[in-house]
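Visitor: prediction below, plus the sequence it came from.
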Amino acid sequence: MSPNKTSRRSVLAAGGLVATLGIVAGSPFEFSSDDGTPGALGFTAGTAPIGSDPLVLINTSEIRENNVAKRVASTLLAARQFDDIPTVLTGMFANNSSSSVDVSRVGKLLLVGSDRSDDSGGAVVWADWDDDDVISVLAPTEKAEIRTESYGGQTLYTSGATSVVVLGDTEFAFGTTEVVRTIADVWHGDSDPVGGETLDSFERTPLRATVRFSFDTLGVPCNDASSPNVYDSVTQVYGSVPSDRNTVRLHLRVESNHVRHKVATAVRDDLETVSVESEEDASGTGSEKLPYDAVENISVDHKHDTVTLTYRPDDKDDKYVHAVIETLVCLIGRSR
């Protein structure tokens, strides 16, 4: 099925009900990228609801060739805010993934956390899917019950705690019911899109990066959530994985320029303090620990209102990307 078709796909039907879903006339949204895969290049303005945190964009057409990008995407998708997104979506970038989703048919994935309730979130997926594909993502087993309800002239399809709505020919929203409703409202221009520091930080990341993200908090597990007072000046975390190399950049946005040196020094010292001597020590039970060898491949710089960590794994040894991100989030007290 071509993502560039002009006719609207047959709409999703379940329980004998059929609903016509789509975007309003004159919508400003773009639906295909320069190479014809679903999803406009970069972030589609106005897609994410107000209060979205975290905010994550994954260009799946590029991620297959970037091991670090896969690791970063898997780490972000595992955050508690995305627990109610179908596991076949959240698991499709994991090593040895058993996900039934064909990544080559997914052009772009936008993940949004929500301030509507704790640990809730959703995803907007640009994909070359038909009706059966959508059903298989929402309810991957034949025994799964699918419920329908009307919302603003649209039909929401729900299985368990997860809902889906068809936004357009190649656009679909998954997540908790409340978040999916909010995404649909923004899509139709009935609710405000994301703004403020989350969006401002996100827009500092490169347009053509394979993975782009910003967050105030990220739901990762921490053994010790406490942090030194110096990290109280960190207001936002944002980062990206460049499209042309196996590198992840993490930026700590601080309240003012005069504190950035203190934050940078604290990060350097604390990363060494929490690291372990060997790979054997790093691969214990629970959350993966950060080995000292990985810390040696992290550079810390500061400029203007930002402290930047850059992790460049040796010889594409990217298995500690997950530990780098989780360690930083826990150090600065941004887990939840």
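Guide: Done, it's in. Being a predicted model, the structure only gives us computed values, none of them experimental.
Visitor: how much space separates S201 from Y157?
Guide: To Y157, S201 is 33 Å away according to C-beta to C-beta, to the nearest Å. Glycine gets a C-beta too; all of them are placed from N, C-alpha and C.
Visitor: which one's more surrounded, those two?
Guide: Y157 (25 against 22; other C-beta atoms under 10 Å).
Visitor: could you check how far the more buried one is from P86?
Guide: In terms of C-beta to C-beta, Y157 sits 12 Å off from P86.
Visitor: shared neighbours of the two, anything?
Guide: L138 (C-beta atoms under 8 Å, 6 or more residues apart in numbering).
Visitor: where along the stretch 101-250 of the chain do the helices fall?
Guide: Taking DSSP state H, counting those that start in this stretch, the helices of the stretch 101-250 of the chain run over residues 131-138, 177-187, 196-202.
Visitor: the stretch 51-200 of the chain: strands as residue ranges?
Guide: 55-58, 106-113, 121-127, 147-151, 154-159, 162-166, 171-175 (DSSP state E, counting those that start in this stretch).
Visitor: what's in contact with the shortest one?
Guide: Going back to what we said before, that points to strand 55-58. Counting by C-beta under 8 Å, 6+ apart, 42-43, 48, 69, 73, 76-77, 93, 108-113, 194, 198-199, 202, 210-215 sit against strand 55-58.
Visitor: make it 7 Å
Guide: With contact meaning C-beta atoms under 7 Å, 6 or more residues apart in numbering, strand 55-58 is reached by 43, 48, 73, 76, 109-112, 194, 198, 202, 211-215.
Visitor: pull the CA atoms of it into CSV?
Guide: Extracted C-alpha coordinates of strand 55-58, given in CSV (Å, rounded to 0.1, in the frame of the first residue of the first chain):
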residue,chain,number,x,y,z
LEU,A,55,8.6,14.3,23.9
VAL,A,56,10.4,11.9,21.6
LEU,A,57,10.7,11.6,17.8
ILE,A,58,12.1,8.5,16.1
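Visitor: in that strand, what's buried?
Guide: Residues of strand 55-58 classed as buried by neighbour count (16 or more other C-beta atoms under 10 Å): L55, V56, L57, I58.
Visitor: tell me the pLDDT of the first one.
Guide: L55 is assigned a predicted lDDT (pLDDT) of 95.
Visitor: residue numbering should commence at 2 henceforth.
Guide: I'll keep to 2 as the first residue from here, and by that count the last item is L56.
Visitor: so it versus D217, what's the distance?
Guide: 10 Å.
Visitor: shared neighbours, those two?
Guide: T199.
Visitor: mind putting the strands of the stretch 52-201 of the chain into JSON lines with distance to V268?
Guide: Output for the strands of the stretch 52-201 of the chain, formatted as JSON lines (distance: least, C-beta to C-beta, whole Å):
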{"stretch": "strand 56-59", "distance to V268": "22"}
{"stretch": "strand 107-114", "distance to V268": "24"}
{"stretch": "strand 122-128", "distance to V268": "27"}
{"stretch": "strand 148-152", "distance to V268": "45"}
{"stretch": "strand 155-160", "distance to V268": "42"}
{"stretch": "strand 163-167", "distance to V268": "37"}
{"stretch": "strand 172-176", "distance to V268": "33"}
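Visitor: what about the ones you listed, which gets the closest to N258?
Guide: strand 56-59 (24.7 Å; C-beta to C-beta).
Visitor: distance from the closest one to the middle of the chain?
Guide: Chain-centre distance of strand 56-59: 4 Å, with C-alpha atoms, centre = their mean, to the nearest Å.
Visitor: that one pairs with which strands, parallel or anti?
Guide: strand 107-114 (antiparallel), strand 212-216 (antiparallel) (DSSP bridges).
Visitor: R261: which of those is closest?
Guide: Per C-beta to C-beta, nearest to R261 of the strands paired with strand 56-59: strand 212-216, 17.7 Å.
Visitor: tell me, what's the model's pLDDT at the nearest residue to T236 once chain neighbours are set aside?
Guide: Computed as C-beta to C-beta, 6 or more residues apart in numbering, the closest residue to T236 that is not its neighbour in sequence is R254, at 5.2 Å. Predicted confidence (pLDDT) for R254: 97.
Visitor: return the residues in contact with R254.
Guide: S202, V235, T236, Q237, Y239, D306, T307.
Visitor: who are the contact partners of the first one?
Guide: This means S202. S215, Q237, Y239, R254.
Visitor: roughly how far apart are it and F214?
Guide: S202 is 9 Å from F214, by C-beta to C-beta.
Visitor: which neighbours do these two share?
Guide: Y239.
Visitor: need the winner for burial among the helices of the stretch 102-251 of the chain.
Guide: Stretch with highest mean neighbour count among those: helix 178-188 (a mean of 23; mean count of other C-beta atoms under 10 Å).
Visitor: using PDB, write down the CA coordinates of stretch 201-208.
Guide: Coordinates of each C-alpha in stretch 201-208 appear next as PDB, following Å, rounded to 0.1, in the frame of the first residue of the first chain:
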ATOM      1  CA  ASP A 201      11.900  24.900  23.200                       C
ATOM      2  CA  SER A 202      14.400  22.300  24.300                       C
ATOM      3  CA  PHE A 203      13.300  19.800  21.700                       C
ATOM      4  CA  GLU A 204      13.700  22.300  19.000                       C
ATOM      5  CA  ARG A 205      17.400  22.800  19.900                       C
ATOM      6  CA  THR A 206      18.000  19.300  18.600                       C
ATOM      7  CA  PRO A 207      19.100  18.700  15.000                       C
ATOM      8  CA  LEU A 208      16.200  18.500  12.500                       C
END
